[in-house]
Structure formats: C-alpha cells, structure tokens
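Enquirer: Return a 3D structure for these sequence lines:
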Amino acid sequence: MNLDIFLFYTFSLLSLFSSLMVIGLSNAVHSVLFLILVFCNMAGLLLMLGAEFLSFLLLIVYVGAIAVLFLFVVMMLNIKDDFIKLSAYSITPIGLIIFLILYNQFMISIYEFDLIEIKREGYNFSWVAENNHMTNIRVIGSIFYTDYNLLFLLCGIILLIAMIGAIVLTMHQRKDVKKQRIEIQLARSPGKIVKFMEIRN
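Expert: Numbering: from 1, shown residues only. Predicted structure coming up:
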C-alpha cells in the first residue's frame, strides 16, 4: 500500500472516530479533547491535498484558540456527570430524524453528480501550476497583497477596532467602587496618619 493512501485512510478513520467520540462522550472535557484531535486530523488531510495555508490556519485558529478556549471554559464551569440526565431513548428519535435528513441529502448529491462535467478541460486547468509551480501559501499571499489589498487592510482595521473596543470595555472604571491605590498609600507621611488621643476617665 502506498504511503499517501495509508495516511489518508488513517487521518480519515481517526477523524470519524474522534467525531463520534465528541458527540458520544458524557464528559465535556473529554469531548473537547477529541474535538482537538478532529481538527488535527483534518489539518493533516488538508496538508495531503496541497492546501498548506488552510491546514496551518486550521491548527492555529481552531486548535490554538477556539478549542483551547472551549477547554478552559468547560474546566472552569466544573460540569459534572450528575447533571447529564438525558437517556438514550429520549434523544434517539431526534438523532434518527437528523440522520435520515443528512442521508437523504447525501444520496441526492451523489445521484446529481455528473462526471462528464468534471472531465472538461476548464475544470482540469490548474492556474497554480502554470505560475511557476507556486505553493498554496504563496498564491494566497500574492492575491491578498495585490488584488485584495484594500479588503485585507479593511479586515485588519475591523479586527483592530474590535480589539480596542474589548480593551476599553475591560478597562472601564466604576466611580461607585472604592479601589486601592498603592502609590498614594506609600506616599503618605506617618506623622499625618498616626494621631495620639488622650482619653480621660
């Protein structure tokens, strides 16, 4: 067996198994860990297909940010198994209906798939290969900074405004709350703080 085929089936089977474990486990922390494994396997599949940018983007954004955030949130919520009181008989009809809908859509898409349209010359033309065999990351980078440079800068400005807004909301100070200021406390003179009072009987 070829190494590429072996890796493809390995990533695919691990992705399917991890996806089933995400929805099948009752422990939320274990589900998030299997979700991270799903993202890693999908990144491996995208890397085998030649989409290096999407593969690394999936690892950085989903695994490095969203999945870790989910994990910390679930760990801070301290979800216990006692709160999960749904039985298998209560969720089986809903799951069966969703499965039938997805299976129907999948079979319709297979019957409507036309191989003759795919084999035309327009679909087989690879403009990436024609541009001196440029890599996926280099092609996306060149498009971002040439044809879509204004939109790329606009997205950066929107993210900058969102980040500044989050910082401003976090640093909002309430006037009705007394806060401790260390520099003012250290600058006070001991002679003005301590007072001696004579108590007469």
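
Enquirer: Find the residue closest to residue 25 in space, skipping its chain neighbours.
Expert: Nearest non-adjacent residue to residue 25, counting by Cβ to Cβ, 6 or more residues apart in numbering: residue 31, 4.9 Å away. C-beta: built from backbone N, CA, C; applies to glycine.

Enquirer: OK, contacts around that neighbour?
Expert: Residues in contact with residue 31 (Cβ atoms under 8 Å, 6 or more residues apart in numbering) are 21-23, 25.

Enquirer: make it 10 Å
Expert: 18, 21-25, 70-71, 74 (Cβ atoms under 10 Å, 6 or more residues apart in numbering).

Enquirer: Please state the offset of the helix or strand that it is a member of from the chain centre?
Expert: According to DSSP states H and E, residue 31 maps onto helix 28-48. Helix 28-48 has its C-alpha centroid displaced from the chain centroid by 11 Å (Cα atoms, centre = their mean, to the nearest Å).

Enquirer: Toward the C-terminus, what is the element adjacent to it?
Expert: helix 52-57.

Enquirer: Give the buried residues for the helix or strand that that following helix is followed by.
Expert: As assigned by DSSP H and E, the chain's next helix or strand after helix 52-57 is helix 68-77. In terms of neighbour count (16 or more other Cβ atoms under 10 Å), helix 68-77 has its buried residues at 70-71, 74.

Enquirer: and if you look at stretch 9-27?
Expert: So stretch 9-27, judged by 16+ other Cβ under 10 Å, has buried residues 11, 14-15, 18-19, 21-22.

Enquirer: Next, format the residues you listed as a markdown table and append distance to residue 101, secondary structure and pLDDT.
Expert: What follows is the buried residues of stretch 9-27, written out as a markdown table (distance: Cβ to Cβ, whole Å; DSSP: H, G, I helix; E, B strand; the rest coil; pLDDT from 0 to 100):
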| residue | distance to residue 101 | secondary structure | pLDDT |
| --- | --- | --- | --- |
| 11 | 27 | helix | 90 |
| 14 | 26 | helix | 91 |
| 15 | 22 | helix | 91 |
| 18 | 23 | helix | 91 |
| 19 | 18 | helix | 90 |
| 21 | 23 | helix | 89 |
| 22 | 20 | helix | 87 |
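
Enquirer: Among those residues, which one lies nearest to residue 196?
Expert: residue 22 (70.0 Å; Cβ to Cβ).

Enquirer: which residues touch the residue nearest the centre of the chain?
Expert: Centroid-nearest residue in the chain, with Cα atoms, centre = their mean: residue 62, separated by 2.7 Å. By Cβ under 10 Å, 6+ apart, residue 62 lies in contact with 35-36, 38-40, 42-43, 68, 70.

Enquirer: Ok, residue 16 next?
Expert: 38, 41.

Enquirer: And the helix or strand where it lies, how far out from the chain middle?
Expert: Using DSSP H and E, residue 16 maps to helix 3-24. Centroid displacement of helix 3-24 relative to its chain, using Cα atoms, centre = their mean, is 19 Å.
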